[in-house]
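Novice: what's the 3D shape of this:
(2 chains, ligands or ions: 2)
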Amino acid sequence: MSESIIQIQHLNKTFGTGETAVHALEDINLDIRQGEIFGIIGLSGAGKSTLVRCMNLLERPTSGSITVNGQRLAWMEGEKLTTISERELRLARRNVTMIFQSFNLLMQRTCLQNVCFPMELSGLPRQQQRKRAMELLDLVGLRDKADAYPAQLSGGQKQRVAIARSLATDPKVLLCDEATSALDPNTTASILTLLKDLNQKLGVTVVVITHQMSVIEEICSRVAILDGGVIAEQGRVEDIFSNPKTEIGRQLVYPGGVQIDRLHAARVIRIAFNGGSSDEPLIASLAIDCGVKVNILGADTRSIEGKAFGTMLLGLPEDPGDAAKALQYIRSQPNITVEEVENHA
Amino acid sequence: MLEIFTAAFWEKYGSLLLDGTIDTLIMVVISTIFAYLIGLPLGVLLVLTGDHGIWPHKNLNRVLTWIINIGRSLPFIILMIAIMDFTKLLVGTKIGVRGAIVPLVVSAAPFIARMVETSLAEVDAGVVEAAQSMGASIPQIVWKVYLPEAKPSLVLGGAISVITILAYTAIAGAVGAGGLGDLAIRYGYNRKVPSMMLVTVIFLIVLVQIIQFVFSRVSNRIDKRLK
Ligand SMILES: Nc1ncnc2c1ncn2[C@@H]1O[C@H](COP(=O)(O)OP(=O)(O)O)[C@@H](O)[C@H]1O
Ligand SMILES: [Mg+2]
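Specialist: Ligands and ions are numbered 1, 2, ... in the order given. Below is the predicted model of the structure:
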């Protein structure tokens, strides 16, 4: 696997002190690899923004270490958190840029001037700024809007300008904090496609923060689920999709929810499809091959790149023998994992 | 009162009114410039050093707030008399146009600092954060984000500042500063020439209307959020 570009170890962030302290992040460990699209998902207030803001030290952690692009930004010296100097940080930030839910464009500048902004900060000659800015606007498909002001653009166009601006300093990492959350589904899809393209064309590592599983599903290769300031689980998107191990994982993967406590079969199992062919008629073949009928209590399966992912809740027959037979049969199938669901009422 | 429509009136008072208007304009323009030279940086510092500012400094912020509040709590006429010796020291005279400019600046600067603070506070915190995330330094954020993004609002605030200073010059007129306020009191009140009172009032009203119109127009013109 390729080299890591963002390493976060034992990261903690607490806002405030004493009674009113909020532990926004607790012992976060992450390793994001060069060139991947990494997702961080969680409900509102989970700490996603705080985590991503630590990656460019917009937020100063309470403790822990952060290394980005081979450079230590923050680390512990004994009990004390140490960070690089303001000057070094300003330079480092050219390598880790950010886009936002609310676009955050300069409203009194044209699109071209917005894209020039980071190059102005770094002192690039004016001619070069404009040339590069036009190339970037071209890259995001907005060359003709160079002289328009942000107020004249749609949300999707504003985000494209923000993306062009974020690329002006040739960053290694692009952090996207809910970058599509203010956009309609079609626009979201087109922005995600753009991010995927840029990731492939430029090799820029993309960190995507979102509360929507669909965004992760669309473009991420790996994902971390954040819940109450803690990483509940992390791994390859297809693994988490096919078999979420934590309650929060299931909640995010199946927003509709499968209400286990309303079931009344004797034994309930959850089977997870881990990427076998989509049309395998498991339930039918179960009936034919073993002569056992099971009840489908709930299902949420989907097909990603032609493979089946998702889970199904099955109620096993009352008869212990039949139940055991069914279980054995299912266990013998490739690309399927089985887990017994306990505590159902 | 219809006297103001006669040639005789303008022959007699015309040049006085012209001089008065010019004096008033000089006081307003020069005081506004100096008041902004002091008030604008103060306002910027207030925003930067505030709790949510990009350069939080509790103590500095407290001291600034304290000074500004003192400046704002003194009525102009009291302040003008209270600092007369300081005025003399600074410009060599307590009276006339020159003497009025010092108290006008001292009084308007804290007011302007608050106006500027309000305008800058309207700048979207997300935009400031975006600039920080791109590696902007504090001076860069002031010059390239805060001031340009707040410009339309600063210009609107400018109208309020200028009109406030204009009102102060009329008060300063009462203590020998010259200008339209001086004419209104000396001729309109002391010498009982009601037409002079009327004309100076009309002049002041017209000036305020023009100032407001011009500043609003400019603010609208430069604001790229509206089009
Ligand atoms: N500047 C702050 N001061 C105090 N609490 C904060 C601050 N920023 C975030 N928090 C708290 O930290 C938690 C995580 O917030 P955030 O990272 O914004 O979550 P998310 O982006 O996942 O919605 C929340 O409980 C929030 O109230
Ligand atoms: Mg957030």
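
Novice: for stretch B:115-133, which positions count as buried?
Specialist: B:115-121, B:123-124, B:127-133 (16 or more other Cβ atoms under 10 Å in any protein chain shown). The way it works is simple: take the backbone N, C-alpha and C, and place the C-beta from them, glycine included.

Novice: and that stretch with ligand 1, contact?
Specialist: No: judged by Cβ under 6 Å from any ligand atom, stretch B:115-133 stays clear of ligand 1, getting no closer than 11.1 Å.

Novice: Endpoints of that stretch, how far apart?
Specialist: 28 Å (Cα to Cα, to the nearest Å).

Novice: who touches that stretch?
Specialist: Around stretch B:115-133, the neighbours that count as contacts under Cβ atoms under 8 Å, 6 or more residues apart in numbering or on different chains are A:56, A:58, A:93, A:97-98, A:100, A:102, A:104-107, A:117, A:121, B:39-40, B:42-44, B:46-47, B:52, B:54, B:140-141, B:144-147, B:149-150, B:153-154, B:156-157, B:160-161.

Novice: And the buried ones among those residues, selectable in ChimeraX?
Specialist: Applying 16+ other Cβ under 10 Å to the contacts of stretch B:115-133, the buried members can be selected in ChimeraX as follows:
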select /A:56,58,93,97,98,100,102,104,105,106,107,117,121 /B:39,40,42,43,44,46,47,54,140,141,144,145,146,147,149,150,153,154,156,157,161
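
Novice: what residues does chain A put near chain B?
Specialist: Within chain A, the positions lying close to chain B (Cβ under 8 Å from any Cβ of the partner chain) are A:56, A:58, A:89-94, A:97-98, A:100, A:102, A:104-110, A:117-118, A:120-122, A:149-152, A:165, A:169.

Novice: Sort out for me which of those residues are in strands.
Specialist: Among these, the members falling in strands (DSSP state E) are A:97-98, A:100.

Novice: need the contact list for the residue nearest in space to the middle of chain A.
Specialist: What sits nearest the mean C-alpha location of chain A, by Cα atoms, centre = their mean, is A:Gly39, with 1.8 Å. If you count contacts by Cβ under 8 Å, 6+ apart, A:Gly39 has them with A:207-210, A:215-216, A:219-220, A:222-224, A:237.

Novice: What is the nearest of the residues you listed to ligand 1?
Specialist: The closest of the contacts of A:Gly39 to ligand 1 turns out to be A:Ile209 (Cβ to the nearest ligand atom; 6.9 Å).

Novice: CA-only coordinates of stretch A:329-345 in CSV, if you can.
Specialist: Taking C-alpha atoms only, stretch A:329-345 is exported to CSV below (Å, rounded to 0.1, in the frame of the first residue of the first chain):
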residue,chain,number,x,y,z
TYR,A,329,-25.8,-23.8,4.7
ILE,A,330,-25.5,-20.1,4.8
ARG,A,331,-22.1,-20.3,6.5
SER,A,332,-20.8,-22.4,3.6
GLN,A,333,-21.6,-19.7,1.1
PRO,A,334,-18.7,-17.6,-0.3
ASN,A,335,-18.7,-13.9,0.4
ILE,A,336,-21.3,-14.1,3.1
THR,A,337,-20.8,-13.6,6.8
VAL,A,338,-23.3,-14.6,9.4
GLU,A,339,-23.8,-13.2,12.8
GLU,A,340,-26.5,-14.1,15.4
VAL,A,341,-28.5,-11.3,16.6
GLU,A,342,-29.0,-11.3,20.3
ASN,A,343,-31.2,-9.5,22.7
HIS,A,344,-34.1,-9.3,20.3
ALA,A,345,-37.4,-9.2,22.1
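
Novice: For A:Leu167, which non-adjacent residue is closest in space?
Specialist: Counting by Cβ to Cβ, 6 or more residues apart in numbering or on different chains, A:Leu167 lies nearest to A:Leu136, which is 5.6 Å off, once chain neighbours are set aside.

Novice: Next: B:Ser133.
Specialist: Here the residue nearest B:Ser133, using Cβ to Cβ, 6+ apart, is A:Met98, at 4.4 Å.

Novice: Is the one you found in contact with A:Leu174, as I believe?
Specialist: Yes: contact criterion Cβ atoms under 8 Å: A:Met98 and A:Leu174 qualify, at 7.5 Å.

Novice: what's the overlap in contacts for those two?
Specialist: Residues within reach of A:Met98 and of A:Leu174 at once, by Cβ under 8 Å, 6+ apart, are A:Ser166.

Novice: Quick check: helices, which of the buried residues of stretch B:115-133 are part of them?
Specialist: B:115-121, B:127-133 (DSSP state H).

Novice: where exactly do the strands run in chain B?
Specialist: Under DSSP E, chain B gives no strands.

Novice: And the residue of it closest to ligand 1?
Specialist: For chain B, Cβ to the nearest ligand atom, closest residue to ligand 1: B:His52, 8.9 Å.

Novice: What sits closest to that residue if chain neighbours are left out?
Specialist: Distances taken as Cβ to Cβ, 6+ apart put B:Ala125 closest to B:His52, at 7.1 Å, once the chain neighbours are dropped.

Novice: just A:Phe38 next, same as before
Specialist: Nearest to A:Phe38 is A:Ile32, by Cβ to Cβ, 6+ apart, at 4.7 Å.

Novice: for the one helix or strand the one you found maps to, the distance to its chain's centre please.
Specialist: Using DSSP states H and E, A:Ile32 maps to strand A:22-33. In terms of Cα atoms, centre = their mean, to the nearest Å, the centre of strand A:22-33 is set 14 Å apart from its chain centre.
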